[in-house]
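K.L.:
mind folding the following:
(2 chains)
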Amino acid sequence: MGFFQVISDLMSVEISKAYEPTKVEEKWFSKWISAKAFHADPSSDKEDYGIVIPPPNVTGVLTLGHVLNNSIQDILARRARSKGKEVLWLPGTDHAGIATQSKVERHLRETEGKGRRDIGREAFLERAWEWKEKHGGIIIKQLQKLGCSCDWGRERFTMDEEYSLEVQKCFVHFFNSGKIYRGKRMVNWCPSSLTALSDEEVIMKPQKSKLFYMRYEIVGREGEYLEIATTRPETLMGDSAVAVNPKDERYAGLIGERALRPFPEAEIPIIADEHIDPEFGTGVLKVTPAHDKADFEIGIKNDLEIIDVLNADGTLNELAGEEFSGMDRFEARDHVAAKLDDMGLLVRVEDYENNVGFSERADVPVEPRISMQWFLKYPKVEESIAAVSDHNIQFRPERWAKTYSHWMQNIQDWCISRQLWWGHRIPVWYRKDRAEELQSAESLDKETAGDALHVGVNPPQDVENWIQDDDVLDTWFSSWLWPFATMDDPTRQKFYPTADLVTGPDIIFFWVARMIMAGYEFTDDKPFSNVFFTSIIRDKKGRKMSKSLGNSPDPLDLIAKYGADALRFSIMRIAPSGTDVRFIENKNKDEADGNDYPQVEEGRNFANKLWNAARFRQMQGSNDEVKKLPGFEKLSIYDIDILSKLDSLNEELSESYSSYKFQEIANKLYDFFWSEFCDWYLESIKLSLRDDADQERRKIVLTVFDTILSGYLMQLHPYMPHITEELWEKLGFGNDGELLMQRILPKEKILSGYDKNLVQEASNKTSAIHEATTKARHIKAQYNLAANRNVKFLLQTQSNWVQGELEVLKLLCGAGEIVIDNSYEPSPGTPTFLTQIGKMFMPLEGLVDIEAEKTRINKEIQKVEKDLKQTVGKLSNPKFTERAPQEVVQENLDRKDSMKKKLEQLQEMLQNLS
RNA sequence: GCGCGGGUAGCUCAGCGGUAGAGCAACUGGUUUACACCCAGUCGGUCGGCGGUUCGAUCCCGUCCCCGCGCACCA
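P.N.:
I've put the predicted structure just below:
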């Protein structure tokens, strides 16, 4: 679109009365795409700015958390562009092993009534890929609706061919360096997903449980029993010992004896172990090495039998005895207790609250289970700890650094294998003739493997003689490579390490810490310089938003109702840095209109305000002749004031951006535009814009208006990209169809060439006019004349400049007339008030309510007296005058003087009334 | 148990040593040639409790009470 086209549009296409976001937002997204405005050029000379998206689950849908997170990233990216940087915002998704696999499995069961094993691995993976193709694009489209300026051509997926290769390389690398090993260990087992989990995927939840007190007879001492307290009687069939503390005198004589496990009946040793707390329960522990981590260790130490009584799915097996075989673990709990009771071995049952580990994804209690798994010894731990504590990588808010360092210092080997099919298959092959032996080996690593094991990104040449490991890798074992495995060489050279990472604190261990370690291991560099942790969005009642609670509104509905810009802006305005936010949803009686979101209404209202200010500007017509601001003397005090406020805004925003204070930025943008620009400036220039106004002055005002509006649109753009772009075009601010998002912020201040003192003076005068306006409006309202625009004011003033501002003042306070009359003598009861420009009167011939005026003045006197007393009190304290800083003392002295003067005048006014 | 964050107007949040702020809600007026998704005005707070430091504390320190989160964990 050419320049003339823009101008003619400006003249011909009227801006609608209310802002309608939907079309505008769609239009601009496609314009940006076709202008390649999001494209990152690795060969650019500009300074680089890189950011990788935290990849959402490929089959997921957008949540408010994503809205917050990605709005922040978009703001950072757009801001960086406006600072003249070459920006790469790299998008993509991850394959979300467990989540996706269970979705596909559920679908398979619902549509075909089959499990994954019924159709086999290959067929299942085909279905999974189909599912991914079908649902994988949804969240990407949703991010685009938000206006995210990712370089969409670079979209990556953790199971892309190239990316998968990187994951395999990573595995091979660690295997070869001895950091990866396979071993039989006690792991967290999810009986629902039928896979091992890492420690991080287990969530401890307090549970209302029962503590069962039961007794085991001591062998050879008929009638003598050991009383044992347990929360899990259903595992007693796996008991292989009973343990007491060696220092516990109550049981000292029993160590070395045997106890009788009731069923399946067996004699098991009574052993001593330091680990037993004599204070807990009866001080006697049943030792079940196969089903408890601590018991497992006691078992190893004491060479106890390991009896696994559970199946993978959490049912009991034949070792538990025929009657329990196949029974669910929780059902079995009651049955075992009942059986003990029948045998007279159940002493009592108490209510008891304990913490139970739940599977993060499946939300079922996790089983400690001994199984064969692959583990990784974390690399570069020390270096990664140092990077954060040295601020080489800066966490914001900083306090998360402590959480990070605590976790890093207590880090355990990472269980990286998952018994799933959807994911990166472990690149390990066992030679057929020795497969069984190797797969059941207690431990397996680079040293012990020999040539019967093939570990490599490519299968062995004679693959028919080999068997590949069945397991896949933890999804996080692929996403920890995200910041660099997504980039080709030129891209990596230009944009790596990336500048910022924006994510939630809930994945600080899962992802952030691991990316740092992977960065140092594979690139010898940090993956990013700053990590910004966002708020967590909660509902009205403070609960985390989740699908199962159904308390998370669909952002797409919000976008449809209020617009993407409004949603972005609103969420940035309410999200504090460093703590959680409550998102309010009010039920709307009018079903058709959906629910109300008062916080998002604010954003919509703000967009509408902006829209209408631009509409007002458009109604004034184009202003081609005057493009540059004139000299000081041609500008009004209001012009100077608003220009100087925009300069300050720009400066303050830079500061806020540098400390990542996104909420503060939103508030400053809001206040400047609504309060300063619309409420004051725009109202003060309406006189100059009238048709009968001085034409030169009119043009200057329009120039100022355009300077402010265009400068402001540039600043607002990262928060509200669509509407700003639309208005930029509609008002013809871009040269030759230039996009706002490609505009670079000017380095120079608007008023840099003007005399600072004169600017300050103009601002002071402006604020004096504003103050007088506020007081005049106030007094009108008190006399129920708020809407009356014919009120007359009289003014006594010593300031000559005020004369020139009377017309504007008249307009601002809605007066019919304001006259300067220094010899005016008000009749008793005339409402009078003191302002920075002088004493003002509102004569109301015949309408004066003397009592009301007395009350009003008395009220003010009381207020001033109170303040004065406080100030005088302060000043009469020698400690204050001696120790407080000089300027604070001076401030109070000035305050005292002006209040005294004011008090005198008020008292005089009061006297005049009687 | 250890650690972190929060408790400011009815609600959502700012402020974090120098006389308490915004938006929404409520109330009173108002269609004045951008906007009722609006304008003008009003009401509303011993800044969680108690101590301390300071000339001065919502802000710093101690302590306690609530709310949220992380880590650890005794069956």
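
K.L.:
parallel or antiparallel, list what pairs with the lengthiest strand in chain A.
P.N.:
Counting by DSSP state E, the longest strand found in chain A is strand A:202-218. Its sheet considered, strand A:202-218 pairs with strand A:225-230 (antiparallel), strand A:258-261 (antiparallel), strand A:346-359 (antiparallel) by DSSP bridges.

K.L.:
so residue A:211 makes contact with residue A:352?
P.N.:
Yes: between residue A:211 and residue A:352 there is a contact under C-beta atoms under 8 Å: 3.9 Å. To be clear about C-beta, it is placed using only N, CA and C from the backbone, and glycine gets the same treatment.

K.L.:
who touches both of those two?
P.N.:
Common neighbours of residue A:211 and residue A:352 (criterion: C-beta atoms under 8 Å, 6 or more residues apart in numbering): residue A:231.

K.L.:
what comes up buried for the longest strand of chain A?
P.N.:
Neighbour-count burial for strand A:202-218, with 16 or more other C-beta atoms under 10 Å as criterion, is recorded at A:202, A:209, A:211-218.

K.L.:
what sits up against stretch A:129-144?
P.N.:
Residues contacting stretch A:129-144 (C-beta under 8 Å, 6+ apart): A:29, A:56-62, A:66, A:70, A:91, A:93, A:95, A:100, A:103-104, A:107, A:150, A:152, A:155, A:157, A:555-556.

K.L.:
does RNA strand B have contacts with the longest strand of chain A?
P.N.:
Yes: using C-beta under 7 Å from any atom of the strand, we find that strand A:202-218 touches RNA strand B at A:203-204.

K.L.:
can you check stretch A:238-254 too?
P.N.:
No: Stretch A:238-254 lies out of reach of RNA strand B by C-beta under 7 Å from any atom of the strand, never closer than 7.8 Å.

K.L.:
cool, and stretch A:301-312?
P.N.:
No: using C-beta under 7 Å from any atom of the strand, stretch A:301-312 never reaches RNA strand B; the gap is at least 14.4 Å.

K.L.:
rounded mean pLDDT for that stretch, please.
P.N.:
Mean per-residue pLDDT for stretch A:301-312: 90.

K.L.:
and that stretch, end to end?
P.N.:
This stretch, stretch A:301-312, spans 26 Å end to end (C-alpha to C-alpha, to the nearest Å).

K.L.:
CA atoms of stretch A:751-761 as PDB?
P.N.:
The C-alpha coordinates for stretch A:751-761 follow below in PDB (Å, rounded to 0.1, in the frame of the first residue of the first chain):
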ATOM      1  CA  LEU A 751      12.000  17.600  23.600                       C
ATOM      2  CA  SER A 752      15.800  17.100  23.500                       C
ATOM      3  CA  GLY A 753      16.300  20.400  21.700                       C
ATOM      4  CA  TYR A 754      14.100  22.500  24.000                       C
ATOM      5  CA  ASP A 755      15.100  24.500  27.100                       C
ATOM      6  CA  LYS A 756      14.700  22.300  30.100                       C
ATOM      7  CA  ASN A 757      13.700  25.100  32.400                       C
ATOM      8  CA  LEU A 758      11.100  26.300  30.100                       C
ATOM      9  CA  VAL A 759       9.700  22.800  29.700                       C
ATOM     10  CA  GLN A 760       9.600  22.400  33.500                       C
ATOM     11  CA  GLU A 761       7.800  25.800  33.800                       C
END
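
K.L.:
spatially nearest residue to residue A:377 (excluding sequence neighbours)?
P.N.:
Distances taken as C-beta to C-beta, 6 or more residues apart in numbering put residue A:179 closest to residue A:377, at 4.6 Å, once the chain neighbours are dropped.

K.L.:
ok, the one you found - contacts?
P.N.:
Contacts here follow C-beta under 8 Å, 6+ apart; on that basis residue A:179 touches A:376-377, A:379.

K.L.:
please redo it, this time with the cut-off set to 10 Å
P.N.:
A:173, A:375-379, A:413-414, A:445-446, A:521 (C-beta atoms under 10 Å, 6 or more residues apart in numbering).

K.L.:
lowest-confidence entry in the buried residues of strand A:202-218?
P.N.:
Lowest-confidence member of the buried residues of strand A:202-218: residue A:209, scoring 86 (pLDDT).

K.L.:
isn't it up against residue A:351?
P.N.:
Yes: counting by C-beta atoms under 10 Å, residue A:209 does reach residue A:351; the two are 7.9 Å apart.

K.L.:
confirm that residue A:378 sits in a strand.
P.N.:
No: in this structure, residue A:378 is coil, not part of a strand, as judged by DSSP: H, G, I helix; E, B strand; the rest coil.

K.L.:
where does the nearest residue to it once chain neighbours are set aside land in three-state SS?
P.N.:
Of all residues not flanking residue A:378 in the chain, residue A:411 sits nearest, at 5.4 Å (C-beta to C-beta, 6+ apart). The three-state label given to residue A:411 by three-state DSSP is coil.

K.L.:
got it, and the one 10 residues further on?
P.N.:
Using three-state DSSP, the secondary structure recorded for residue A:421 is coil.

K.L.:
looking at it, it is touching residue A:102, isn't it?
P.N.:
No: shown here, residue A:421 and residue A:102 do not form a contact pair, counting by C-beta under 10 Å, at 11.4 Å.

K.L.:
what touches both of those two?
P.N.:
In contact with both residue A:421 and residue A:102: residue A:116, using C-beta under 10 Å, 6+ apart.

K.L.:
more neighbours: those two, which one.
P.N.:
Using other C-beta atoms under 10 Å as the criterion, residue A:421 and residue A:102 rank with residue A:421 on top: 21 against 18.

K.L.:
tell me the contacts of the more buried one?
P.N.:
A:97, A:101, A:104-105, A:116-117, A:120-122, A:124-125, A:128, A:470-472.
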